[in-house]
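**Q** below are the sequence and a predicted model; questions follow.
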Amino acid sequence: MKIFFQLCSIILCLLLFVSPTHAETSYNEYYISITDALINTKQGNEAEATKAIDEFAANWANVTSSEAKEKVAVDDALKDVQNAKSSEERIKSLTDLSKSVKALENAENPVDQEAQRSEFKTKFSPVMQMFEEALATGDFQTINEKYNEFDKKWNLYEKPVREQSIGMYGQIETQMSFIRISLSQENPNLTVVTSQFETLKNTIEQFIAGKDVEVDDANYSLQTLIDYIEDTASLIDDENYIEASDQLKEFITIWPMVEIEVSTRNSSLYTEIENQMPILVSELMKSNPNVEKVTDQLAVFKTDISLLQDDSSYSFWDSALILLREGLEALLIIMVLVSFLKKANQSHMAKWVMLGALTGIIFSIVAAILLSVVFNSLTVNTSREMIEGYVGLIAAVMMIGVGIWLHNKSTVKSWNAYLSKQMGNAISKQSIFAMAMVSFLSVFREGAETIVFYIGVAPKMPTFDFALGIVMAVLILIIVGFVLFKLSLKIPVHKFFFVATILIYILAFKIIGTSIHTLQLTNTLSTTIIHKLPVLSSIGFYPTVETLSGQIILMLICAVVAFREKFSKTA
């Protein structure tokens with residue numbers, strides 16, 4: 001009954017954490033899934049590409065549209081993606097899928113693009129005229145003031161450009177950054193600035209005329225930005241300041257292709273990079289640049305961008321460790337019961353103990369399926385990541401409890417006392433049924449906990465690694481069970497529990513950091529960055545006050561438990 005209420009509580013928590021699905025559908029998440037699938041396919045990351053496609057398909061299954069023709073086109077394009085036999089075929093199918101989604105979005109929200117461009121011309125032509133007149137004065141104080149106004153007006157009116165032509169938008173953003181760089185130099189060159197503005201003006205006029213440019217389809221990502229920053233920092237260390245400035249110019253050139261990943265997750269960082277990068281380039285081009293200022297700012301940007309990467313993941317060993325810990329306790333209890341029957345010359349009754357264990361496994365599988373259905377049916381878009389974060393924290397709390405339990409059983413005296421209690425409960429009832437129930441409840445209880453743990457970590461690891469970890473754990477448990485049975489529990493199992501305690505706490509540390517970071521990416525929790533600390537996603541270390549607070553609490557709990565255990569021994 002206790003297990004039943006625990007499962008009900010878990011499901012209730014999931015229900016509380018899920019935001020209701022709105023009738024109005026946003027297609028932004030679908031474009032992100034397509035982009036992730038494209039990038040990972042091009043990079044040969046099959047597992048991650050498949051995961052992105054599966055996520056798209058799961059979310060798309062909930063979409064309805066009055067535009068039947070366009071909706072069917074998306075359905076067909078998705079089937080082509082799922083049935084693609086090669087990387088080249090999948091890339092083409094994903095591109096077609098993106099176009100189909102865009103066509104559906106346009107059909108649901110019809111827009112007169114020519115009218116939009118005409119309105120943009122009406123609003124922005126006076127702004128270009130204003131800056132052109134400022135250039136004619138030759139007064140750089142006036143030019144800078146008018147450029148700042150030009151930049152503000154662009155941010156106000158840029159939307160139709162960005163929506164109609166990402167290629168044009170990228171060119172305009174880059175050209176504006178180069179003007180900002182020129183104006184920030186020690187001795188600005190009026191001829192250079194004027195020439196740059198003419199190029200910019202020509203690009204804007206081409207957009208107004210309805211022309212477009214091809215988008216560079218290279219595999220740009222947040223990691224690309226980090227790579228450029230690291231290369232720049234390396235050049236600065238070598239005192240190659242001009243080459244470093246050229247590297248940052250390259251950063252600015254590819255920035256429009258990646259900026260959406262920054263702006264949707266951290267709008268203030270987006271604004272900061274747009275404003276500061278041209279200034280950093282100008283600083284490096286000075287005869288005596290402030291190197292410390294530039295390197296400090298680049299380090300801040302690197303940390304901030306790294307925190308936006310959702311690259312937190314678990315390995316096959318994390319998957320194996322969970323099942324090893326949970327399976328070990330149930331296995332030991334079953335072995336105790338079987339060994340007792342063997343010593344009592346009642347070996348033929350061991351089948352009832354095994355039947356209880358098998359029933360516990362079946363019930364655990366059923367519970368896993370039910371929780372999986374609830375989890376998948378209630379999570380759409382960012383709600384999925386929110387639940388992953390919340391369930392991860394629930395799993396971490398339970399894991400801390402498991403660690404304390406293990407620590408308390410890591411001495412010979414306490415472990416023997418525990419075994420005696422388990423055997424005594426079954427023997428006192430003088431019933432094989434009681435032993436079968438002990439076996440069943442042991443397996444089902446550990447199975448229920450395992451389900452919660454796996455729901456928290458499974459979405460962040462490749463399916464192959466997840467399955468490999470489980471298979472490894474099962475094989476290890478079989479070997480351990482065989483050894484235990486043959487040696488009649490005479491090996492020092494408590495020592496194994498001591499090691500398992502350490503491993504459980506390490507895994508809890510990682511789950512806490514990863515789960516809080518996931519909630520930060522969805523803006524569910526605030527993000528207070530601690531600069532100059534590295535991002536170590538492999539161990540769940542993210543330099544923010546929020547993630548470190550949770551992990552420090554874990555370490556304090558570990559210290560208190562260890563101190564209490566040591567104190568009880570000396571008392």
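**A** Yep, that arrived. The shown structure was predicted, so the numbers you read here are calculated from the model rather than taken from an experiment. Numbering: from 1, shown residues only.
**Q** use CA for all of it now, contacts and neighbours both
**A** Will do.
**Q** in stretch 250-269, what counts as buried?
**A** By 16 or more other CA atoms under 10 Å, the buried positions in stretch 250-269 come out as 251-259, 261-262, 265-266.
**Q** let me know the closest of these to residue 65.
**A** Nearest to residue 65 among the buried residues of stretch 250-269, counting by CA to CA, is residue 261 at 26.9 Å.
**Q** contact partners of the host helix or strand of that closest one?
**A** Residue 261 belongs to helix 241-263 when assigned by DSSP states H and E. For helix 241-263, the surrounding residues in contact (CA atoms under 8 Å, 6 or more residues apart in numbering) are 169-171, 173-174, 177, 220-222, 225, 228-229, 231-233, 235-236, 269-270, 277-278, 280-282, 284-285, 305, 308.
**Q** so which of these belong to strands?
**A** Among the contacts of helix 241-263, the subset assigned to strands under DSSP state E is empty.
**Q** list only buried entries from those residues.
**A** Among the contacts of helix 241-263, those buried by neighbour count (16+ other CA under 10 Å) are 169-171, 173-174, 177, 221-222, 225, 228-229, 231-233, 235-236, 270, 277-278, 280-282, 284-285, 305, 308.
**Q** returning to that earlier point: restricting to C-alpha, output the helix holding residue 261 in PDB.
**A** The C-alpha trace of helix 241-263 is given here as PDB (Å, rounded to 0.1, in the frame of the first residue of the first chain):
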ATOM      1  CA  TYR A 241      46.000  41.400 -31.500                       C
ATOM      2  CA  ILE A 242      45.200  42.100 -35.200                       C
ATOM      3  CA  GLU A 243      44.600  38.400 -35.900                       C
ATOM      4  CA  ALA A 244      42.500  38.300 -32.700                       C
ATOM      5  CA  SER A 245      40.300  41.200 -33.900                       C
ATOM      6  CA  ASP A 246      39.900  39.400 -37.300                       C
ATOM      7  CA  GLN A 247      38.800  36.300 -35.400                       C
ATOM      8  CA  LEU A 248      36.100  38.300 -33.600                       C
ATOM      9  CA  LYS A 249      35.000  39.800 -36.900                       C
ATOM     10  CA  GLU A 250      34.400  36.200 -38.100                       C
ATOM     11  CA  PHE A 251      32.400  35.700 -34.900                       C
ATOM     12  CA  ILE A 252      30.300  38.700 -35.800                       C
ATOM     13  CA  THR A 253      29.800  37.400 -39.400                       C
ATOM     14  CA  ILE A 254      28.300  34.000 -38.200                       C
ATOM     15  CA  TRP A 255      26.500  35.500 -35.200                       C
ATOM     16  CA  PRO A 256      23.200  36.100 -37.100                       C
ATOM     17  CA  MET A 257      23.100  32.400 -37.900                       C
ATOM     18  CA  VAL A 258      23.200  31.500 -34.200                       C
ATOM     19  CA  GLU A 259      21.800  34.500 -32.400                       C
ATOM     20  CA  ILE A 260      18.200  32.900 -32.200                       C
ATOM     21  CA  GLU A 261      19.600  30.200 -29.900                       C
ATOM     22  CA  VAL A 262      20.900  32.900 -27.600                       C
ATOM     23  CA  SER A 263      18.000  35.400 -27.800                       C
END
